Each structure stands twice: as C-alpha cells, then as structure tokens.
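K.L.:
quick one, fold the following:
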Amino acid sequence: MKLNELRNKPGAVKARKRVGRGIGSGTGKTAGRGVKGQKSRSGVSINGFEGGQMPIYRRLPKRGFNNIFAKSFNAVSLGRIQAAVDAGKLDASAVVNVETLMAAGVIRRAKDGVRILSDGELKAKLSFDVAGASKAAIEKIEKAGGSIKLPEAAAE
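P.N.:
Residues are numbered from 1 along each chain as shown. This next block holds a predicted model:
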C-alpha cells in the first residue's frame, strides 16, 4: 500500500450541506431557516432568551461557592496497593509515596497527594509516606506490621 492509495472507508466522510443553491437542491432560497423572524437572520444568539420575560437563570437564587483552596487527592485503596505488590510492580521494601505509586502505574498523576482508603486486604508490611489516610486504613496498615507517616492533621 502506498500513501496515494490511502482512502477513508465508504461513508466515513459526509459532504457538507450546501445551502441556498437553488430550488432543486432542497435547501435553496431560505436555506432551511424558514421564513422571516429573528432566527432566519444571520448573527442570532438567543440561547436562554425568554421573549423579554425574566429568564429562569436570573429568577433563581445563586447557591453555593467554589472553594479555590480545596485540595484534590488521589484516592488509592489498600487492595489496589496489595495487587501492585503481588504483581511485582511495587517494591515492598521501598517507601510507598506519590513517586513510587506513579512508577508502579497505580496512579496516573500526582494531584495534591495520595489518600489511602481501607478497601481490600493488606498482607504486605509496607511503609507509607502519604498526604492522608482513613482511620480504618491506618488500622489495617499497622495490623499488617507496616507504618504510616502523615502530615499534621491529615488523619481523619
């Protein structure tokens, strides 16, 4: 196969509709826009317009806010970490932190840190250095003989 022989599959590319090209085309004269009125003219942008009545997005009260200081954590379960250890992707003797979890393919990107959740069982004795962990996760880690290092006021 050569570059000049490459083609799309039949029906993959549809020709654009050429409007306003005579009555025989089916979209001639008014070009499918109907007759008269604001929407038949060019430059129309009336999304949310209710004919002069106060629009619903202005009638309803504003609610809530977006916290610009909120942190976004990667939630990782103990079962997922144990699966990575069993698969040989995560070294049990190394400290489990953001870098090692990314290298093992457990998480995709760092965000604001990792938070450990207690889903699943942990059999390996691991040392954690993470941004947060649930109480149940901390209990399971210590029960398995591991240790966990958290920043101040991160454990809930």
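
K.L.:
buried stuff in stretch 24-34?
P.N.:
residue 33 (16 or more other C-beta atoms under 10 Å). No exception for glycine: its C-beta is placed from N, CA and C like everyone else's.

K.L.:
contacts for that stretch?
P.N.:
For stretch 24-34, the surrounding residues in contact (C-beta atoms under 8 Å, 6 or more residues apart in numbering) are 17, 18, 19, 20, 21, 22, 23, 39, 40.

K.L.:
try it again at 10 Å.
P.N.:
Residues from elsewhere that reach stretch 24-34 (C-beta atoms under 10 Å, 6 or more residues apart in numbering): 17-23, 35-36, 39-42, 44.

K.L.:
in the protein, which spans are helices?
P.N.:
Assigned by DSSP state H, the helices in the chain fall at 56-59, 78-86, 98-104, 135-143.

K.L.:
the last one to helix 78-86, inter-axis angle?
P.N.:
Following axes from the mean of the first three to the mean of the last three C-alpha atoms, to 10 degrees, one obtains 40 degrees for the angle between helix 135-143 and helix 78-86.

K.L.:
avg pLDDT for helix 135-143?
P.N.:
Helix 135-143 comes out with an average pLDDT of 95.

K.L.:
now do it: which elements does it pack against?
P.N.:
Counting contacts by 3 or more C-beta pairs under 10 Å, 6 or more residues apart in numbering; DSSP states H and E, helix 135-143 packs against helix 78-86, strand 114-117, strand 127-129, strand 132-133, strand 147-149.
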